[in-house]
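In: predicted model follows, preceded by the sequence.
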Amino acid sequence: SQQGEEDPQALSIQEGENATMNCSYKTSINNLQWYRQNSGRGLVHLILIRSNEREKHSGRLRVTLDTSKKSSSLLITASRAADTASYFCATPPRGRYSTLTFGKGTMLLVSP
Amino acid sequence: GAVVSQHPSRVICKSGTSVKIECRSLDFQATTMFWYRQFPKQSLMLMATSNEGSKATYEQGVEKDKFLINHASLTLSTLTVTSAHPEDSSFYICSARDYRGDGYEQYFGPGTRLTVT
């Protein structure tokens, strides 16, 4: 079953605008990760935020984590057409042989 | 970062034939690899967990006789779709885990687009 649930499901903005995507999860976590997937391509790891962190930056990306609300947000500032992709949050495995659990994703379209 | 490759990137096959997809960890040894399937505009769904030297563990609803997984070495896992049908057309992604001292990190292959005609 999926742990993360992103919203919105789809987001359409103009270049230069900021894009904010949210993710909610159900169980306690040690960290939360965000991935990007271009259409028909594999996943690209964007950023990992640990449970003891509230905010993390990487270039134009800003991720927040609120463990009390079991939610995270991904902000892309000054978006570019090349940012057009699907974005997924993922929560880590519990066991040695288990894997990340992905949310349904947000499809971001950035128009020139 | 670690690299995971998949081959082929795209394959078109006729209904009833079998297709093998390879997943390789290029610069690390992966005792555990995962196979996912992704339908258009949907998220990744885990199909099976593959442990080197042992049988794969399949998720509920995934037919093990149809999706044969072999993890023969620490750097290679294969997924064979047997007697493929059009409903098997999908994007298949493998992933490998690498232990990095303070925990596991997971790396994803670029995916294989399977089209069954």
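Out: Received, thanks. Numbering: from 1, shown residues only, chains lettered A, B, ... in the order given.

In: leaving out sequence neighbours, find the closest residue to residue 69.
Out: Assuming you mean chain A. Distances taken as CB to CB, 6 or more residues apart in numbering or on different chains put residue A:24 closest to residue A:69, at 7.8 Å, once the chain neighbours are dropped. Using the backbone N, CA and C atoms, a C-beta is placed for each residue, glycine as well.

In: sorry, I should have been clearer: chain B.
Out: Excluding its sequence neighbours, the residue lying closest to residue B:69 (CB to CB, 6+ apart) is residue B:56, at 4.0 Å.

In: just to revisit the earlier point, residue contacts, the residue nearest to residue A:69?
Out: Applying CB atoms under 8 Å, 6 or more residues apart in numbering or on different chains, one finds that residue A:24 lies in contact with A:4, A:5, A:7, A:69, A:70, A:71, A:72.

In: which residues does it bridge with?
Out: residue A:5, residue A:71 (DSSP bridges).

In: so how far is the lengthiest strand in chain B from its chain's centroid?
Out: Longest among the strand segments of chain B by residue count, using DSSP state E, is strand B:90-99. For strand B:90-99, the distance from its own C-alpha centre to the chain's C-alpha centre is 6 Å (CA atoms, centre = their mean, to the nearest Å).

In: how about it: buried residues?
Out: For strand B:90-99, burial by neighbour count (16 or more other CB atoms under 10 Å in any protein chain shown) applies to B:90, B:91, B:92, B:93, B:94, B:95, B:96, B:97, B:98.

In: of these, list those near chain A.
Out: Contacts with chain A within the buried residues of strand B:90-99, counted by CB under 8 Å from any CB of the partner chain: B:91, B:93, B:95, B:97.

In: need the contact list for the first one.
Out: The neighbours of residue B:91, taking CB under 8 Å, 6+ apart as the test, are A:40, B:37, B:38, B:39, B:40, B:111, B:112, B:113, B:114.

In: tell me which strands the helix or strand bottoming out on mean pLDDT in chain B pairs with, and in which orientation.
Out: In chain B, the helix or strand scored least confidently by mean pLDDT, DSSP states H and E is strand B:104-108, which has a mean of 79. According to DSSP bridges, strand B:104-108 has the following sheet partners: strand B:90-99 (antiparallel).

In: show me which residues of chain B sit near chain A.
Out: Neighbours of chain A within chain B, by CB under 8 Å from any CB: B:1, B:6, B:32, B:34, B:41-44, B:46, B:49, B:51, B:57, B:91, B:93, B:95, B:97, B:103-104, B:106-111, B:113.

In: kind regards, and thank you for your time.
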